[in-house]
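Novice: starting from these lines, generate the structure:
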Amino acid sequence: MKRLKYFAYPICHDEITLVSMKHLNIDGIVFDLDATLVNLGGFVEWRKAHEEIVDNYLELDCNEKTVKACSDKGLFTMLEEMYVNLQEKRGDNEARRVQNSAYEILSSFEEKGVESCTLMDGCITMLDWLKNRGIPMGICTSNSTKSAISALQSQRLRHYFQAIVGRSVNFRMKPHPAQLEECFRQIGVDPARGVMVGDSHKDIIAGKATGAYTVGIPVYFTRLELMKEAGVDIIIENLSELPAILEGL
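Specialist: Model (predicted):
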């Protein structure tokens, strides 16, 4: 997946291995998954998943006009708005039942994509650098927890992370901060002493809402103007640049 060139602080692999072991001024770090650490989305049939989820909502007697209005806003906005609508119209228990069925459909498509997913550039070296310094790490993703774990295992990344908080009815998805707050809680870190790294303005909005330091790492579809409007603290071009940023905090 192509990264979006913006501005950065490039360091080569040798420089990463030579950086000092001085104490970092952070207590933990949370990453988005897709298009941040791995390219999963490039291998998921999102359009087909969207269509099947729309059909599923209709089969479960959701209002056709409401489904269409939400669907027109895109897959993940549809999921968020349909859940809110279902809670208002049917109550929490029924909303959870319907939404879980939609999430299961989407997760099945993500699982198929795992078979072909790849690492983003600089990922392993950067994660090793953090692990060697004992920094707790978590994943906060709009993918399902199941597909996130599968993707991490397929790339031999699972052991780096103390927490994985994926899409579920228990926490509103980014840009709402609930998922990210839960991830920081699970790794035992005060968000004000933490860092959020992601490719989307939604990652940045969630990070700022928790009080975390935010690092944007754009890809070709990143809405860069929205990332800047969200108040991103710094934008990098490659994961290999993250150690230098963290040492400077």
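Novice: and residue 111, what does it touch?
Specialist: 146-147, 150 (C-beta atoms under 8 Å, 6 or more residues apart in numbering). From N, CA and C alone the C-beta is placed, and that goes for glycine too.
Novice: quick check on it: phi, psi?
Specialist: Per-residue torsions, residue 111: phi -60, psi -40 (degrees, to the nearest 10).
Novice: look at residue 25 and give its secondary structure.
Specialist: coil (DSSP: H, G, I helix; E, B strand; the rest coil).
Novice: any idea how the protein splits into domains?
Specialist: The chain resolves into domains spanning 13-40+117-247, 43-114 when parsed by automatic domain parsing.
Novice: circling back: so can I have JSON lines of the contacts of residue 111 showing secondary structure?
Specialist: As requested, those are arranged in JSON lines below (three-state DSSP):
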{"residue": "146", "secondary structure": "helix"}
{"residue": "147", "secondary structure": "helix"}
{"residue": "150", "secondary structure": "helix"}
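Novice: got a winner among the residues you listed for most neighbours?
Specialist: Within the contacts of residue 111, most neighbours by other C-beta atoms under 10 Å means residue 147, with 26 neighbours.
Novice: measure that one to residue 192 for me?
Specialist: For residue 147, the distance to residue 192 equals 30 Å [C-beta to C-beta, to the nearest Å].
Novice: likewise for residue 56?
Specialist: In terms of C-beta to C-beta, residue 56 sits 40 Å off from residue 192.
Novice: neighbour count winner among these two?
Specialist: residue 56 (17 against 11).
Novice: now for the longest strand along the chain, which elements pack on it?
Specialist: The longest strand of the chain (DSSP state E) is strand 137-144. If you count contacts as 3 or more C-beta pairs under 8 Å, 6 or more residues apart in numbering; DSSP states H and E, strand 137-144 packs onto strand 28-31, helix 92-114, helix 123-132, helix 145-154, strand 163-167, helix 178-186, helix 201-210.
Novice: which other residues reach the fourth one?
Specialist: Contact with helix 145-154 is made by 33-34, 38, 40, 107, 110-111, 113-115, 117, 139, 141, 143, 158, 161, 164-168, as judged by C-beta under 8 Å, 6+ apart.
Novice: go on, stretch 211-225?
Specialist: 1-4, 6, 26, 30, 35-36, 180, 184, 191-192, 194-201, 203-204, 207-208, 227, 230-239, 242, 245, 249.
Novice: just the buried members of the residues you listed?
Specialist: The neighbour count (16 or more other C-beta atoms under 10 Å) marks 1, 3-4, 26, 30, 35-36, 180, 184, 191, 194-201, 203-204, 207-208, 227, 230, 232-239, 242, 245 as buried among these.
Novice: out of the residues you listed, which sit inside strands?
Specialist: Taking DSSP E as the definition of strands, these contribute 30, 194-198, 234-235.
Novice: can I get the residues you listed in JSON lines with distance to residue 48 and pLDDT?
Specialist: As requested, those are arranged in JSON lines below (distance: C-beta to C-beta, whole Å; pLDDT from 0 to 100):
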{"residue": "30", "distance to residue 48": "30", "pLDDT": "99"}
{"residue": "194", "distance to residue 48": "36", "pLDDT": "98"}
{"residue": "195", "distance to residue 48": "35", "pLDDT": "99"}
{"residue": "196", "distance to residue 48": "31", "pLDDT": "99"}
{"residue": "197", "distance to residue 48": "30", "pLDDT": "99"}
{"residue": "198", "distance to residue 48": "25", "pLDDT": "98"}
{"residue": "234", "distance to residue 48": "37", "pLDDT": "97"}
{"residue": "235", "distance to residue 48": "33", "pLDDT": "97"}
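Novice: identify the farthest-apart pair in those.
Specialist: Farthest-apart pair in these is 194 and 235; separation 18.3 Å (C-beta to C-beta).
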